[in-house]
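Peer 1: Mind looking at a prediction? Sequence and model below.
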Amino acid sequence: MTSIGIVGAGVAGLHLGLHLRQQDLDVTIYTNRTAEQVADGRIMNSVAHMSATIDIEHELGIGEWPGTDAEYSYHYHYNGWGDDRRFKGVFEKPARIIDYRIYLPRLMAEFEARGGRLEIRDLSVAEIEALTEQHDLVVVSTGKGEIGALFPRREGKSPYTSPQRKLAVGFWKGVAERDPRGVEISVAPPAGELLVLPMWSFSGKVNALLFESVPGGPQEVLTDRRYEEDPEAYRALTLEMLKEFHPTVYERIDESAFELQNGAKDILQGAVTPVLREDYVLLPNGRYLLALGDVHMTVDPVQAQGANSATYSAKVVADVIREDHVFDERFMRKVARRRAERLEASTDWVNIIIQNPPAEQIPLLFTEMVHNQELANRFTENFNYPIRQIDLLGSPERVAAAIAATTGE
Ligand SMILES: Cc1cc2nc3c(=O)[nH]c(=O)nc-3n(C[C@H](O)[C@H](O)[C@H](O)COP(=O)(O)OP(=O)(O)OC[C@H]3O[C@@H](n4cnc5c(N)ncnc54)[C@H](O)[C@@H]3O)c2cc1C
């Protein structure tokens with residue numbers, strides 16, 4: 001029977017593993033953390049799954065999450081400029097945010113229950129290369145350090161060599177819900193952005209506050225000042241930043257109840273350098289490694305595309321495996337071609353949004369959406385469709401064309 005090895009039990013590796021079990025293949029996922037360690041660990045992200053991803057989850061039989069209340073259909077926007085600053089966009093079908101410390105352990109359990117093998121090992125590059133002698137195909141879905149460096153950067157699609165935003169995300173209580181429920185996107189140049197994400201976690205409904213701070217700007221202190229050093233001072237600083245830069249979020253805060261759900265475990269401070277890497281690499285033994293998920297494409301989280309792209313990519317890989325078990329260069333190129341248009345659109349879109357100083361067309365688009373509901377809805381729905389999004393905002397001419405098409409001017 002064809003045997004597939006997958007390195008990493010994040011959303012990319014687990015989705016691929018579940019797809020391949022549906023094809024009855026022999027699948028082993030190698031990962032360095034048990035489900036219990038993931039569940040007990042610190043937050044790693046605050047991931048919104050768009051409806052396109054939820055559709056894939058239904059195909060995989062992991063679309064139902066009884067006992068959770070995590071869906072939303074709106075994006076509430078606040079622009080930190082202009083006379084009229086607020087607008088909202090609506091999705092055609094709801095999106096959903098579940099704490100990955102709940103989501104991933106359930107997928108690990110499903111994978112094993114469906115006959116997949118989960119091996120807990122912290123693999124080196126040499127060990128990953130050796131796996132190609134044991135399996136017909138090895139897919140790498142972890143990109144930390146030297147493992148990521150296996151796959152060369154695609155310079156033409158990787159314009160940045162350092163993070164364009166510093167990140168600080170915490171799961172907070174004491175933030176009132178928007179009605180109808182939605183993600184709030186507050187854009188405050190030159191500080192950066194704040195995303196408020198209504199989500200389901202261990203204590204039920206909480207809100208992730210994801211501060212996306214421009215390096216050198218007034219908000220980056222939320223990433224630089226370590227929460228653990230003085231939790232109360234950090235909480236006060238967070239309130240100060242909300243008050244100063246994000247008034248529509250500040251008005252939702254009940255200060256007497258404003259606290260992290262579970263202290264230091266519920267906060268993450270860091271940054272990502274966006275990169276698109278080659279799809280595959282040929283090893284000296286003549287076998288290939290295929291890249292999947294963040295190791296292949298890392299994007300800043302400001303437009304919620306990393307995991308949604310990873311689940312799309314896992315489905316493409318599974319579809320190609322369904323039709324072809326010869327894992328040669330032709331196979332690798334087939335995977336690369338089929339996923340290229342969407343992944344490149346996604347990375348280009350997010351890289352435009354995080355440009356410093358802002359790309360000319362972005363403030364124009366956000367200003368227009370205040371009064372143009374059709375455009376706001378299109379921008380929102382396009383979180384499912386990166387190709388349509390880059391068509392909309394890829395250049396000043398494209399934004400002008402989208403405005404003309406929606407206003408009839
Ligand atoms: C703050 C934040 C918010 C985000 N919000 C969104 C969002 O709203 N929507 C969205 O789509 N994306 C979002 N993302 C991005 C998303 O989190 C990632 O794209 C996604 O989780 C990547 O999944 P992955 O499976 O590729 O990698 P990972 O989740 O990094 O999985 C890697 C796996 O490999 C294992 N591993 C690591 N090293 C080894 C080793 N040496 N040997 C064996 N196993 C190893 C790890 O334990 C893990 O299981 C966000 C990211 C951040 C940081």
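Peer 2: Good, I have the coordinates. For clarity, every value in this text was computed on a predicted model and none was experimentally measured.

Peer 1: residue contacts, Met199?
Peer 2: With contact taken as C-beta atoms under 8 Å, 6 or more residues apart in numbering, Met199 is in contact with Ser46, Ala70, Ile97, Ile98, Asp99, Phe171, Lys205, Val206, Asn207, Ala208. Placement of C-beta: from N, CA and C, glycine included.

Peer 1: ok, Val7 touching Thr142?
Peer 2: Yes - counting by C-beta atoms under 8 Å, Thr142 is a contact partner of Val7 at 5.6 Å.

Peer 1: which one of the contacts of Met199 has the most neighbours?
Peer 2: Highest neighbour count within those: Asn207, with 28 neighbours (other C-beta atoms under 10 Å).

Peer 1: beta partners of that residue?
Peer 2: With DSSP bridges as the criterion, Asn207 is bridged to Trp172, Pro198.

Peer 1: Could you check how far it is from Val175?
Peer 2: 4 Å (C-beta to C-beta, to the nearest Å).

Peer 1: which residues do those two both contact?
Peer 2: Val196.

Peer 1: Between its first and last residues, how far does stretch 148-157 reach?
Peer 2: 16 Å (C-alpha to C-alpha, to the nearest Å).

Peer 1: residues touching the residue of the stretch 51-200 of the chain at minimum distance from the ligand, list them.
Peer 2: Nearest residue of the stretch 51-200 of the chain to the ligand, counting by C-beta to the nearest ligand atom: Thr142, 3.2 Å away. Counting by C-beta under 8 Å, 6+ apart, Thr142 touches Val7, Gly8, Gly10, Gly13, Thr31, Gly293, Asp294, Val295.

Peer 1: and those residues near the ligand, which?
Peer 2: Among the contacts of Thr142, the residues lying close to the ligand (C-beta under 6 Å from any ligand atom) are Val7, Gly8, Gly10, Gly13, Thr31, Gly293, Asp294.

Peer 1: correct me, but the third one touches Val140?
Peer 2: In other words, Gly10. No - counting by C-beta under 8 Å, Gly10 does not reach Val140; the two are 11.4 Å apart.

Peer 1: the more surrounded of the two?
Peer 2: Val140 (29 against 26).

Peer 1: Quick check: residues of the stretch 151-300 of the chain near the ligand?
Peer 2: Residues of the stretch 151-300 of the chain lying near the ligand (C-beta under 6 Å from any ligand atom): Leu167, Val169, Leu210, Gly293, Asp294.

Peer 1: would you list the residues you listed in JSON lines and tack on neighbour count?
Peer 2: Output for these, formatted as JSON lines (neighbours: other C-beta atoms under 10 Å):
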{"residue": "Leu167", "neighbour count": "23"}
{"residue": "Val169", "neighbour count": "24"}
{"residue": "Leu210", "neighbour count": "23"}
{"residue": "Gly293", "neighbour count": "27"}
{"residue": "Asp294", "neighbour count": "24"}
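
Peer 1: Which of these fall in helices?
Peer 2: Taking DSSP state H, every one of these sits outside helices.

Peer 1: Output the residues you listed as TSV; include the columns pLDDT.
Peer 2: Formatted as TSV, these follow (pLDDT from 0 to 100):
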residue	pLDDT
Leu167	98
Val169	98
Leu210	98
Gly293	98
Asp294	98
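
Peer 1: which helices and strands does the lengthiest strand in the chain pack with?
Peer 2: As assigned by DSSP state E, the longest strand anywhere in the chain is strand 86-97. Contact here means 3 or more C-beta pairs under 8 Å, 6 or more residues apart in numbering; DSSP states H and E; on that basis strand 86-97 packs against strand 48-49, helix 51-59, strand 71-79, strand 192-201, helix 373-381.

Peer 1: could these go into a markdown table alongside distance to Phe327?
Peer 2: Shown next, in a markdown table, are the helices and strands packed on strand 86-97 (distance: least, C-beta to C-beta, whole Å):
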| stretch | distance to Phe327 |
| --- | --- |
| strand 48-49 | 29 |
| helix 51-59 | 23 |
| strand 71-79 | 38 |
| strand 192-201 | 38 |
| helix 373-381 | 36 |
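
Peer 1: could I get the ones you listed as CSV with mean pLDDT?
Peer 2: Output for those, formatted as CSV (pLDDT from 0 to 100):
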stretch, mean pLDDT
strand 48-49, 98
helix 51-59, 98
strand 71-79, 98
strand 192-201, 98
helix 373-381, 98
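
Peer 1: Mind checking those for the one nearest to Arg277?
Peer 2: helix 51-59 (21.7 Å; C-beta to C-beta).

Peer 1: Same question for the closest one: list its buried residues.
Peer 2: For helix 51-59, a neighbour-count test (16 or more other C-beta atoms under 10 Å) marks Ser51, Ala52, Thr53, Ile54, Asp55, Ile56, Glu57 as buried.

Peer 1: What's the local residue count around the closest residue to Gly89 other than its chain neighbours?
Peer 2: Distance criterion C-beta to C-beta, 6 or more residues apart in numbering; nearest residue to Gly89, sequence neighbours excluded, is Thr380 at 3.0 Å. Neighbourhood size, Thr380 [other C-beta under 10 Å]: 23.

Peer 1: Same check on Leu268?
Peer 2: 19.

Peer 1: where exactly do the helices run in the protein?
Peer 2: Counting by DSSP H, the helices of the chain are 11-22, 35-40, 51-59, 100-113, 125-131, 221-224, 231-245, 247-250, 306-323, 329-353, 361-369, 373-381, 386-393, 396-407.

Peer 1: Which strands or helices does the longest one pack on?
Peer 2: For helix 329-353, the helices and strands in contact under the criterion 3+ C-beta pairs under 8 Å, 6+ apart are strand 275-276, strand 280-282, strand 288-291, strand 297-298, helix 306-323, helix 386-393.

Peer 1: Can you lay out those as TSV showing mean pLDDT, mean neighbour count and distance to Ser186?
Peer 2: Below are the helices and strands packed on helix 329-353 laid out as TSV (pLDDT from 0 to 100; neighbours: other C-beta atoms under 10 Å; distance: least, C-beta to C-beta, whole Å):
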stretch	mean pLDDT	mean neighbour count	distance to Ser186
strand 275-276	98	24	27
strand 280-282	98	16	40
strand 288-291	98	24	34
strand 297-298	98	24	24
helix 306-323	98	22	21
helix 386-393	98	20	19
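
Peer 1: related to what we said a few turns ago, possible to save the contacts of Met199 as JSON lines with pLDDT and distance to Glu329?
Peer 2: Conversion of these to JSON lines gives the following (pLDDT from 0 to 100; distance: C-beta to C-beta, whole Å):
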{"residue": "Ser46", "pLDDT": "98", "distance to Glu329": "38"}
{"residue": "Ala70", "pLDDT": "95", "distance to Glu329": "42"}
{"residue": "Ile97", "pLDDT": "98", "distance to Glu329": "39"}
{"residue": "Ile98", "pLDDT": "98", "distance to Glu329": "38"}
{"residue": "Asp99", "pLDDT": "98", "distance to Glu329": "40"}
{"residue": "Phe171", "pLDDT": "98", "distance to Glu329": "44"}
{"residue": "Lys205", "pLDDT": "98", "distance to Glu329": "49"}
{"residue": "Val206", "pLDDT": "98", "distance to Glu329": "47"}
{"residue": "Asn207", "pLDDT": "98", "distance to Glu329": "47"}
{"residue": "Ala208", "pLDDT": "98", "distance to Glu329": "42"}
